[in-house]
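[1] I would like the atomic coordinates for the input below:
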Amino acid sequence: MTKLGLYLAKKSINKAEVSRKTGISKSRMSQLSSNESTKLRVEELYLIALAIDVDPCEIFKEICADLKLKEEN
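    Sure, this is the predicted structure:
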């Protein structure tokens, strides 16, 4: 499961409803939730955030929490 999939599951979000509200197909929502190699586009993230009534930054921070800048030597 992807980080987006985990986030949606944690929040008990109905992906079919998100699909309906955003226009993102059910198959694309499934890919975004379960396939690690699927790339989430910023437009999709924004629409999903609007559909579930959360600040897009909240999802962004959750999904990218493990990203860090390189340490300088």
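[2] make it CA atoms for all contacts and neighbour counts henceforth
    Will do.
[3] what sits against P56?
    P56 makes contact with L45, Y46, A49, L50 under the criterion CA atoms under 8 Å, 6 or more residues apart in numbering.
[4] which residue, neighbours along the chain excluded, lies closest to the second one?
    Sequence neighbours aside, P56 is the residue nearest to Y46 in space, at 5.7 Å (criterion: CA to CA, 6 or more residues apart in numbering).
[5] before we move on, back to that, tabulate the contacts of P56 (JSON lines), appending secondary structure and distance to N35.
    Output for the contacts of P56, formatted as JSON lines (DSSP: H, G, I helix; E, B strand; the rest coil; distance: CA to CA, whole Å):
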{"residue": "L45", "secondary structure": "helix", "distance to N35": "16"}
{"residue": "Y46", "secondary structure": "helix", "distance to N35": "19"}
{"residue": "A49", "secondary structure": "helix", "distance to N35": "20"}
{"residue": "L50", "secondary structure": "helix", "distance to N35": "22"}
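[6] for these, which one is nearest K11?
    A49 (12.0 Å; CA to CA).
[7] do I have it right that the closest one meets I59?
    Yes: in this structure, A49 is within contact of I59 by CA atoms under 8 Å, at 7.2 Å.
[8] most neighbours, which of the contacts of P56?
    A49 (19 neighbours; other CA atoms under 10 Å).
[9] okay, that residue and L32: tell me how far apart.
    Relative to L32, A49 is positioned 14 Å away (criterion: CA to CA, to the nearest Å).
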